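Engineer: Give the three-dimensional model of this entry:
(chains A and B)
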Amino acid sequence: METEAADESGFTSVASKRGRRKRKAAGAEPMEAAEAAGPRPSKRPAFPPLPAEALGVGKGEVRKVPVPANRYTPLKENWMKIFTPIVEHLQLQIRFNLKTRNVEIKTCSETKDLSALTKAADFVKAFILGFQVEDALALIRLDDLFLESFEVTDVKPLKGDHLSRAIGRIAGKGGKTKFTIENVTRTRIVLADSKIHILGSFQNIKMARTAICNLILGSPPSKVYGNIRAVASRAAERF
Amino acid sequence: MAAVAGLEKCLRVAGAAAARPERFLSVQDELAADFRTLTKTLYDLNKALGSSVVRGSPLKELVIENFDEEQIWQQLELQNNVVLDVFKKSVAQCTSDKDLWLVSGQEDDGSDAEATSDSEVEDVMESEAEQENVYTKHKTEAKEKKGKPRESVIEKYSDEDSDVDFDIEALEQETKTAKKATVKKTGRKSIVDDKFFKLAEMEAFLEHVEKENGEREEEEEDDIDYFEDIISDDEEEEFEKAKVKVRISPVKSSRDLTYKDFFDPVDDNDDLVADDAEDYEDEKADSAVEEENEESMSEAEDVSDMIMENMRNKKVSFSLPDDSENEDGTDMQLERGIDLSEIKSSFEKRQEKMSEKIKSLEEELLEEKPWQLKGEVTGHKRPENSLLEETVLFDHAVRMAPVITEETTFQLEDIIKQRILDEAWDDVVPKEKPKEDAFEYKKRITLDHEKSKLSLAEIYEQEYLKLHQQKTEEEENPEHKEIQGMMDSLFLKLDALCNFHFTPKPPVPEVKIVSNLPAISMEEVAPVAVSDAALLAPEEIKEKNKAGDVKTDAEKTPTDKKRERRKKKLRKRIKLKEKEKRQKLLEKMKPEQGTKLSKKAAAAKLKKLTKEGKASLLKDEGKDKAVKSSQAFFSQLQDQVRMQIKDANKLKKKQKKQKDVSVHKLKL
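Structural biologist: Residues are numbered from 1 along each chain as shown, chains lettered A, B, ... in the order given. Model (predicted):
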C-alpha cells in the first residue's frame, strides 16, 4: 500500500500511528493480502466468510430441555410430530434421555443454520409447557414469535379462593374467555394453575397480557372483550 | 527650412485654437482634422530630421488616413515611450549640472510640476510639440516637465483642447512661496518646542493637511485618472532624487544623505526645555518632522491661497494628558520671564494630578453613598420622585399587551389581504356527531368464543399470504386494452354510418369491480351459513337508553318517577322559552301578523286596553241566569231601572250640551 501511495503523483498519504504499528507488527503478510485483495479502505478489517466448520457447530452443541412427569405421555404420543420437523427441516439430532428425562438436541455436520438449534429448543420447550404441537411449530416457521410466562400472583397477590376465582375468570365457562382472547389477539394461551404462558408476536402478547391482567384484577369479561376488540381493530386497521 | 516652416505653421494653428477656447465647448470637427494633420507633419518632421540621441519608434511616418484616434495615439505612444525615458534622464542630468543655470523664478516650478495631475488636460499634440522643443533646443523651459511620466490625461482621449495651464502654475508658485514665508512667520512658542520641533508649525500643518484631505477627497471622488501612467519604482526614485537634488544642490549617494538633505535647518533661537527629553516629546518631534517632509513632498494641488490665514485662526486641541502641557505652554507664552526652577517637570505634574485624583476618590469612598447604591430602599429613604429620573429594569410576570403601532396595523392588514387572496378562511367547521352504522359495527372484529380450528402457524400463514396477495392485482394485458379501444371506436363509426336514426350510446363511467371472494359466494343465492354472530344485536338496531332498561309505571321507583317529572318540566320550559323567542322575533319583523294569530296576544292586548280605559269589558250581568229567590228578583229589577235612569240622564245632558252649542252658533 505504501508503494502504491508513493507512486501516485507525488502524494504521500500520512498514515495514522496506530495503523502503522499494526502494519509493522503484521509484517509482510498483510501487505500481500492487501495487494491480493486490491485497494481497500485501511479502516475496515477484512474477514473472509467463515466456513461452517469454523462456526464451531461441527463439534456438536447440545441443548437439553427437561420434561416434567405430567408431560411425559403427551410427549410420547406426539413424538413423531415433534422430531420430524426438527430432523428434516432443521437438520438437527434429537433424542430423549430416559435417565435424565431430558430432551436433548444436538447439531451435526449437516446443520446449515446456527440459529436452528435455538429454534428447536424453543419449540420443544413450548410443547413441554403445554402448547399444541402445531402451535409450537409456528416458532420454527416464524422468526418473531415469542413466549412469555408469568404468574397470577405477579399481577395481584391473591390467595386461596380469590386465586381460584381469578383463574376461573381467565378461563371462562368452557374456556370461552380464553378462546376469545386467543382468537382476537392471535396468540395461544396456556393456563396451568397459577402460571400463564402466552405464545405469539410481541404486540399480540402485549394485548393478551393486558386482557388477562384486567381479568385478574377483577373486571368482567364483557368489558375485557370490548377493550380487546377495540385494540385489535385499531391494530388491524393500522396494518 | 521646411522644418521651420512646418513648425511655424503648427504654432500658428495651435495659437489660433488656444486664442478662442470657448469654441471647445462643442465638438469641433474641422479643428480636429487640422490638428491631426498638424500631428502628422510634426511627426514626419521629427523622423525626417532624425536624431542621434534616440531612435524612437520604427515608424517613419504617422499614418492618419482612415485611422481611428486610438490607432493614431498608439503610434505616437510607440514613439513617446522610448523617447520619454531618454528625456527624463537627460533632464535630470541637466538640472543637477552646476554649469547649467535654471531660470530662478521657475526653479521651484520644476519641483512642483507633478501637481498638474488634476488641473490640466493635455492634448497629445501640444506635448509632442513641446517635446520637440526640448529636444531641439536642449534647454529647459517651464514646459520641460510636461514630458514627464505623470502624463496627466484625466479625461478620455478627446479632441478637445485643454485650457491654459500656465496661469495655474504661476499661482502655485505664489502659494508655495507664500506658504514658506508664512510658515516662518508663526512665532508662537510652546513648552514642547525645541531645535527640531515647533508646536505651532505642527498645528498649522495639521490644519492645512486636513483641509487638503477634505478637498482632495472631493476631487478624487469625481474623477479617477484611468489613463494616468503609474510610475514604475526606478523611475520614481530617479525622479525623487532629481527633485531632492533640486532643493539641495550637491549630488550625493544615498548613503551620504544627512538630515540637512531632507529638512530645513534647525531653529536655535526659540527657548528650549532644559530638562530631560521626554519620549513623547521626541515622538512628537519625529512626527512633526515627518509631516514637514510630507509637506515638502506633496505639493499643494488646491488653488486656494487663503489657507494660511485660516490656519492661524484655528486652534488644535489635544487629548487630556497633553492639555496641561499645552496650557502651561500657553501660560508660558504669556509670562515670558518666569524662572526655570518654578517650572515643574511633566513627571511631577503627572504625579500631582494622580495624587489629586486619589484624594478625590478617597473622599468619595469615605462619604455616604447615594441612595442608588444602598440596597433595598423604600420610599421614605429616597428623595421624592427620584425613581422617575432613574431608568428602572424589572421583570414582568405577565406578558405585556402588545403595543398597537402603525406597523402592527400594517402587518395585520397584510395578513388579512394575503388571507383574502389565498381564500384561506377561518370558517367554523360544524362538528358532526359520529353515528355508528350497524354495518360499521359489524365490521369490527366479531368475537369467536370457541377454540380456533386453525393452529397459530396456520393463522400467521394465512395472514402472510393475504398481505402478499394484495400486491399482485389482475393486470390486463395492455394489448388487449388497445385492441378493445380500437374496436370500440370502429364500431361506433360503423353504427353511425349504418343507422338512419343513430343515437350514440351515453358515456358509461368505467367501473371496475375487483373481488377476492371465491366464486361460490358470488354465485350462491341463499346465504351459505348464518351464525348467531352474524346476526345483528338489538343494540345495533336501536341504541340503548343510557338509563338502562325500559320500565313500566308499576316498576318505577320514586326516584325514577321524580327524574321523569324533572325531565318533563325541563322540556316544557325549554319549549316555552323558544316559543316566546319566536314570538318576539315575529313581532319585530312583522308586527301585524304577530298579533293576529295568537289568542294569548289578543287577550294581552285586551287587558292592556281595558287598563288604559280605551275599551270596556262587557260584564256578564247574569240576566240570563234564572232567578231563584224573590229578593234576588226584585233587587235585579231595581238595578235595571236605575241603570235606565242613568242612561236617560246622560242622554239628556248630552242633548243639552248639543243645544247649547247650536245657540252659540246662532248668535254668531
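Engineer: Surely residue B:78 and residue B:57 touch.
Structural biologist: Yes. With contact defined as Cβ atoms under 8 Å, residue B:78 counts as touching residue B:57 (3.7 Å). Bear in mind the C-beta positions are built from the backbone N, C-alpha and C, glycine included.
Engineer: Look at those two and report which has more neighbours.
Structural biologist: Neighbour tally, residue B:78 and residue B:57, criterion other Cβ atoms under 10 Å in any protein chain shown: the higher count belongs to residue B:57, 17 against 14.
Engineer: give the contact list for that one.
Structural biologist: B:75, B:78-79, B:82 (Cβ atoms under 8 Å, 6 or more residues apart in numbering or on different chains).
Engineer: can you give me phi and psi for it?
Structural biologist: Residue B:57 has phi and psi values of phi -90, psi 160 when expressed as degrees, to the nearest 10.
Engineer: ok, and which of the contacts of residue B:57 reach chain A?
Structural biologist: Among the contacts of residue B:57, not one lies near chain A by Cβ under 8 Å from any Cβ of the partner chain.
Engineer: can you put those residues in JSON lines and add secondary structure and pLDDT?
Structural biologist: Formatted as JSON lines, the contacts of residue B:57 follow (DSSP: H, G, I helix; E, B strand; the rest coil; pLDDT from 0 to 100):
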{"residue": "B:75", "secondary structure": "helix", "pLDDT": "86"}
{"residue": "B:78", "secondary structure": "helix", "pLDDT": "86"}
{"residue": "B:79", "secondary structure": "helix", "pLDDT": "84"}
{"residue": "B:82", "secondary structure": "helix", "pLDDT": "84"}
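Engineer: what's across from residue A:147 in the sheet?
Structural biologist: residue A:199 (DSSP bridges).
Engineer: Could you pull up the residues touching it?
Structural biologist: Applying Cβ under 8 Å, 6+ apart, the residues near residue A:147 are A:122, A:125-126, A:129, A:139, A:197-199.
Engineer: With pLDDT as new columns, can these be given to me in a markdown table?
Structural biologist: A markdown table is the format used below for the contacts of residue A:147 (pLDDT from 0 to 100):
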| residue | pLDDT |
| --- | --- |
| A:122 | 94 |
| A:125 | 95 |
| A:126 | 95 |
| A:129 | 95 |
| A:139 | 92 |
| A:197 | 96 |
| A:198 | 96 |
| A:199 | 95 |
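Engineer: residues from chain A in reach of chain B?
Structural biologist: So chain A meets chain B at A:132, A:134-135, A:137-138, A:141-142, A:145, A:175-176, A:179-180, A:182-184, A:186-188, A:199-200, A:225, A:229, A:232-233, A:236 (Cβ under 8 Å from any Cβ).
Engineer: Can you say which of these are buried?
Structural biologist: Buried members of the residues of chain A next to chain B, counted by 16 or more other Cβ atoms under 10 Å in any protein chain shown: A:132, A:135, A:137-138, A:141-142, A:145, A:175-176, A:179-180, A:182-184, A:186-188, A:199-200, A:225, A:229, A:232.
Engineer: hey, which helix is longest across the chain?
Structural biologist: This is for chain A. helix A:221-238 (DSSP state H).
Engineer: To clarify, I was referring to chain B.
Structural biologist: Determined from DSSP H, the single longest helix within chain B is helix B:630-667.
Engineer: for that one, packing partners?
Structural biologist: Using 3 or more Cβ pairs under 8 Å, 6 or more residues apart in numbering or on different chains; DSSP states H and E as the contact test, no helix or strand touches helix B:630-667.
Engineer: Buried residues, that helix. List them.
Structural biologist: For helix B:630-667, it's none, nothing buried (16+ other Cβ under 10 Å).
Engineer: mind checking pLDDT for the closest residue to chain A within the stretch 51-200 of chain B?
Structural biologist: Here the stretch 51-200 of chain B gets closest to chain A at one residue, residue B:81, 44.5 Å apart by Cβ to the nearest Cβ. pLDDT recorded at residue B:81 is 88.
Engineer: now do residue B:613
Structural biologist: On the pLDDT scale, residue B:613 gets 80.
Engineer: Please apply the same query to the one 4 residues further on.
Structural biologist: Confidence at residue B:617, expressed as pLDDT, is 74.
Engineer: Ok, residue B:292 next?
Structural biologist: In this model, residue B:292 is scored at 50, pLDDT.
Engineer: Contact residues of chain B facing chain A?
Structural biologist: B:444-445, B:447-452, B:455-461, B:463.
Engineer: which of those tops the neighbour count?
Structural biologist: Of all these, the highest neighbour tally under other Cβ under 10 Å goes to residue B:456, namely 27 neighbours.
Engineer: Mind giving me the packing neighbours of the host helix or strand of residue B:573?
Structural biologist: Element membership for residue B:573 (DSSP states H and E) is helix B:558-589. Counting contacts by 3+ Cβ pairs under 8 Å, 6+ apart, helix B:558-589 packs against helix B:591-597.
Engineer: and if we set it to 10 Å?
Structural biologist: Packing partners of helix B:558-589 (3 or more Cβ pairs under 10 Å, 6 or more residues apart in numbering or on different chains; DSSP states H and E): helix B:591-597, helix B:599-612.
Engineer: Confidence-wise, which of those helices is weakest overall?
Structural biologist: Among those, helix B:591-597 scores lowest, at a mean of 61.
Engineer: follow-up on the earlier one: now intersect the contacts of residue A:147 with the strands, please.
Structural biologist: A:197-199 (DSSP state E).
Engineer: Among those residues, which one lies nearest to chain B?
Structural biologist: The closest of the ones in strands among the contacts of residue A:147, once distances to chain B are taken by Cβ to the nearest Cβ, is residue A:199, at 6.8 Å.
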